[in-house]
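K.L.:
what follows is a predicted structure for the sequence shown.
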Amino acid sequence: MKEQELQEIKVKNKDLIAKACVYTNLAYALVEAADSIMLDVESMLNQLGAGVSKSEKLKYNNACRAGKQFRVWLKDLARTVYKLDIADEALDNSDKLYDVILLIMDRCGGDMNMLTLIRAMIFNSFKSKYGYYDK
């Protein structure tokens, strides 16, 4: 796609482009958060003396490499389509996202009804910033 065509599409679809940018940033932050979670799990297992076996460690390393490749692709996408570098912001967001996910999981303790209540509380207590849930 030529640069001029891309600019015309962006102008015509400003809101959709903004939403896609947020989703790209979220995907990047989720991959980062997942990586942090697995590092924490590995540390906990090692503390218990139940470290990950070599074959499982190989699978884990392969998944980490795939995650890194995905993050590189997302950064390239952000630079090309949105003309921005999401890495610094997304890294900061990933730590916050990890913290929020862990907090929610801690509060619901696996109780799906509690998770539904937490979601409803967030949905009803805070106004949408992007309008994704406003219909």
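P.N.:
Done, it's in. Residues are numbered from 1 along each chain as shown.

K.L.:
what's the pLDDT at Y82?
P.N.:
As predicted, Y82 sits at a pLDDT of 66.

K.L.:
same deal with T116?
P.N.:
In this model, T116 carries a pLDDT of 93.

K.L.:
now M121
P.N.:
Among the per-residue scores, M121 shows a pLDDT of 93.

K.L.:
okay, and it sits in which element?
P.N.:
Per DSSP states H and E, M121 falls inside helix 112-125.

K.L.:
and that helix, which residues are buried?
P.N.:
Buried residues in helix 112-125, defined by neighbour count with 16 or more other Cβ atoms under 10 Å: I118. For the C-beta atoms, the positions are set from N, CA and C on the backbone; glycine is no exception.

K.L.:
distance between that helix and the chain's centre?
P.N.:
Distance of helix 112-125 from its chain centroid, counting by Cα atoms, centre = their mean, to the nearest Å, is 20 Å.

K.L.:
try stretch 53-70
P.N.:
Computed by Cα atoms, centre = their mean, the chain-centroid distance of stretch 53-70 equals 18 Å.

K.L.:
which residues touch A34?
P.N.:
Applying Cβ atoms under 8 Å, 6 or more residues apart in numbering, we find A34 in contact with G67.

K.L.:
and it, backbone torsions?
P.N.:
Per-residue torsions, A34: phi -60, psi -40 (degrees, to the nearest 10).

K.L.:
pLDDT wise, what is it at?
P.N.:
84.

K.L.:
would you map the helices across the chain?
P.N.:
Taking DSSP state H as the test, the helices found in the chain are 3-12, 14-47, 54-77, 87-108, 112-125.

K.L.:
using JSON lines, lay out these together with distance to Y132.
P.N.:
As requested, the helices of the chain are exported to JSON lines (distance: least, Cβ to Cβ, whole Å):
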{"stretch": "helix 3-12", "distance to Y132": "20"}
{"stretch": "helix 14-47", "distance to Y132": "7"}
{"stretch": "helix 54-77", "distance to Y132": "19"}
{"stretch": "helix 87-108", "distance to Y132": "16"}
{"stretch": "helix 112-125", "distance to Y132": "11"}
